[in-house]
Every structure is written in C-alpha cells, then in structure tokens.
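# Below: sequence and its predicted model.
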Amino acid sequence: MTPRSFLPALTTAVLVGLLAAAMHYAVRAREARLAGAELMRQDAALEAKLSRADDDLRHAQEERSKQARILMVVREKSVARPSTASAKTGPKPDISERFEKEPAFQSALIAARRSLLAVRYGPLFAALKLPPEKIEKFVAIAIRREEQMMDINAVAKSKGFAREDPTIMQARGNIEQTTNSDLQELLGDADYSQYQDYHRSAGLRDILSGIAGGAVTVLREPLTAAQSEQLLQIMANGSESFRRGSTAGDLDWDSIDVQARQILSPAQFNYIRTLEPPLPVGGRYQSELYRLADSAMHQSPIAPKATP
C-alpha cells in the first residue's frame, strides 16, 4: 500500500472506531438514565408507602384517643349519679363486669368466643377460600370488637347509664365503624360484600344450627342440606329487619310455619314448633320471651301470639 492510499484508510478506521465508541457510550448513557429513572420511581413508591403508613398510624392513634375520650366522658358524667345497688350485697356481676375484672374469666370467654366465631363463619371462610392467616386476622378483628363492646357495656352499667345514652351509642357506633373498615381492608370490596350478606343472617344460622342438631339427636330425622338452605331463606323472609337490609331480628314465626310446613316432613315440622334449641341461641320461644319482657319494661302490654 502506498503512503497516499494508506492515509485515507487510516482516517476511515479512526472515524469508525470513534463512531463505535460514541455509540457505546451513548448506549451506556441511556442505560444509566433508565436506571436512574427506575431508582427515582422506586424511591417515589417507597415515599408513598411511608406516607400511607404514617396516615394509617395517625388514624389509629386518633381512633384510640377518641375511644379514650369517650370512656373518660362516660366516667365523668357518672360522678353525680347515685348508685342504686344494695349496700349489703351489691349487684351480681354480669358477663361484662366479670370480663373487665377477672383475667381468668376473660381468657376463657375469649377462647369460647373464638371457637364460636370459627363455627359461625366457617362456611363463609370456605366460600371465600380465605387462607389461614386471613382467617386468623378476621377472628382477631371480631374478638377485638367484642372486647371493646364489653368494655363499653361494663362502664355504662357500673355508672348507671341507659343503653340508649348518646355517649354510649356513639362509642358503640365508633367501634362498629372501625370493625367494618378493618374487615373491608382485610377482605377487599368483593369479599366484604359477601361477608355483609352472610353477617346479616348469622343469627339465623345459629338458630338453624340448633334446630338441625336437635333434629339429629332428638328427632332422629336430620334435615337435608336442601331443607336447611330453604328453611334459612324462609326464616330470613320472616324477619322484617332482614328484608329492609339490616341484620335479621324479630321473626314472624306464624309466616315461617306456613312456608316451613311445605318443605318439612310432618315429624320435622312438629319438632320445630314444639321444641326449643339449646341456649344461648334458642329459637321461637326465647324470641317470644324477649319480646314480652321488652314490652313489660316499656309498659306497653302485648298479648302473646296464638300458636296454631
């Protein structure tokens, strides 16, 4: 190669090398920019999580302070109220008072309630396919609600407040609101909606469980799965509060009997009309007793319903 032809070749090679180097550094620079952008995105996401965590913590602290203020108001309002209890014997402590004052009773009651909640909501847990850790959190939230309700009831009773006292009602409402909010966060909107429908009929399921158990042990003619589901729906239809979208309350056993007769055998129908499931759940006769007792307390006599 002559010196004259060598110089252009060398120049071309140098230019190609410089171009390749420039492209290499351009690619590296682009990768560095992308990596920096990703780090900034992750940093922003972490900042958002920290901000939400701070908000949740602040909300929890505010909620705790609110409950503490309510309890303080309840105690302060009771100072001027004279005690109606006998000075000699004193009132017999109820469950709420024993729960507050007796640690052993508190532990036993919580264990019993935990088992009852697992039984009551077992079908719901299975339908929602909840993992064990979510079930445990669900039960913990429900137990916390019951503990707080017992605390409020014990304070109200010991200080002589009526159940309808505005301060007590507000405290109960706050507990329910917090419980529902925590359950919705735990379950998500779709599963929480199913929980609400199931929860409204939970009391009816307890009654039905007692009826079904008696049909096995007393009548020796168990209800079928289809009969149980149909009877549950009939009982739900017999509750005015359930039809309005609230939790099932007082039951119209007359209308329930009319429909139940069509799905039960004569022996099964006679059983549900004449035998009462075991307490504390009970059935029609416990409901009727509570209705008459409430009527007597409010001095508004109601004649007992005739049994056909």
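Great, that's in hand.

# Quick one: the helices in the chain, in order.
Under the criterion DSSP state H, helices of the chain are mapped to 3-77, 95-101, 103-120, 122-128, 132-158, 166-187, 189-200, 202-214, 225-237, 240-243, 253-263, 266-274, 284-297.

# Would you map out the domains in the protein?
62-74+94-199, 202-297 (automatic domain parsing).

# sorry, back to before: by mean pLDDT, show me the worst of the helices of the chain.
Lowest mean pLDDT within the helices of the chain: helix 95-101, a mean of 61.

# what's the burial count for A215?
Number of residues near A215 (other CB atoms under 10 Å) recorded here: 22. Glycine gets a C-beta too; all of them are placed from N, C-alpha and C.

# what does the one 3 residues further on give?
Residues lying near V218 (other CB under 10 Å) number 10.

# show me the contacts for it.
Y271, L275 (CB atoms under 8 Å, 6 or more residues apart in numbering).

# try 7 Å
By CB atoms under 7 Å, 6 or more residues apart in numbering, the contact list for V218 reads L275.

# Q227 contacts S265, correct?
No: assessed by CB atoms under 7 Å, Q227 is found out of contact with S265, at 9.1 Å.

# Pick the most buried one from the helices of the chain.
Greatest average neighbour count among these goes to helix 202-214 (a mean of 19), per mean count of other CB atoms under 10 Å.

# on contacts alone, who are the packing partners of that helix?
Under the contact criterion of 3 or more CB pairs under 7 Å, 6 or more residues apart in numbering; DSSP states H and E, helix 202-214 touches helix 103-120, helix 225-237.

# Helix 266-274 and that one, what's the angle between them?
130 degrees (axes from the mean of the first three to the mean of the last three CA atoms, to 10 degrees).

# wait, which of the helices and strands packed on helix 202-214 is closest to T274?
T274 sits nearest to helix 225-237 of all the helices and strands packed on helix 202-214, at 16.0 Å, using CB to CB.

# quick one, the closest one and helix 189-200 angle?
Computed by the same axes, to 10 degrees, the angle between helix 225-237 and helix 189-200 is 80 degrees.

# Nearest spatial neighbour of I152, chain-adjacent residues omitted?
Closest residue to I152 apart from its sequence neighbours, by CB to CB, 6 or more residues apart in numbering: A171 at 4.9 Å.

# just Y271 next, same as before
L219 is the one closest to Y271 (CB to CB, 6+ apart), at 4.8 Å.

# Report the contact partners of that neighbour.
A267, Q268, Y271.

# give the contact list for the closest residue to the second one other than its chain neighbours.
I take that to be Q268. With CB to CB, 6+ apart as the criterion, Q268 has its nearest non-adjacent residue at 5.9 Å, and that residue is E221. Applying CB under 7 Å, 6+ apart to E221 gives the contacts A215, S265, A267, Q268.

# can you pull the pLDDT of E221?
At E221, the pLDDT recorded in the model is 89.

# Ok, T89 next?
52.

# thinking again about what came up before, among the helices and strands packed on helix 202-214, which comes closest to L186?
Taking the helices and strands packed on helix 202-214 one by one with CB to CB, helix 103-120 is closest: 14.2 Å.

# Next, the angle from the closest one to helix 189-200.
110 degrees.

# and the angle from helix 103-120 to helix 132-158?
130 degrees.

# mind starting the numbering at 24 from now?
Sure thing, new numbering starts at 24, so read that last one as helix 126-143.

# For helix 126-143, name the packing helices and strands.
helix 118-124, helix 155-181, helix 225-237.

# Pipe these into TSV and attach distance to A259 per row.
Formatted as TSV, the helices and strands packed on helix 126-143 follow (distance: least, CB to CB, whole Å):
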stretch	distance to A259
helix 118-124	28
helix 155-181	22
helix 225-237	6
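
# Indicate which one of those is closest to S204.
helix 155-181 (9.9 Å).

# Could you check the angle that closest one makes with helix 189-210?
180 degrees.

# From the contact counts, what lies against helix 155-181?
helix 26-100, helix 118-124, helix 126-143, helix 189-210.

# Noted, bye for now.
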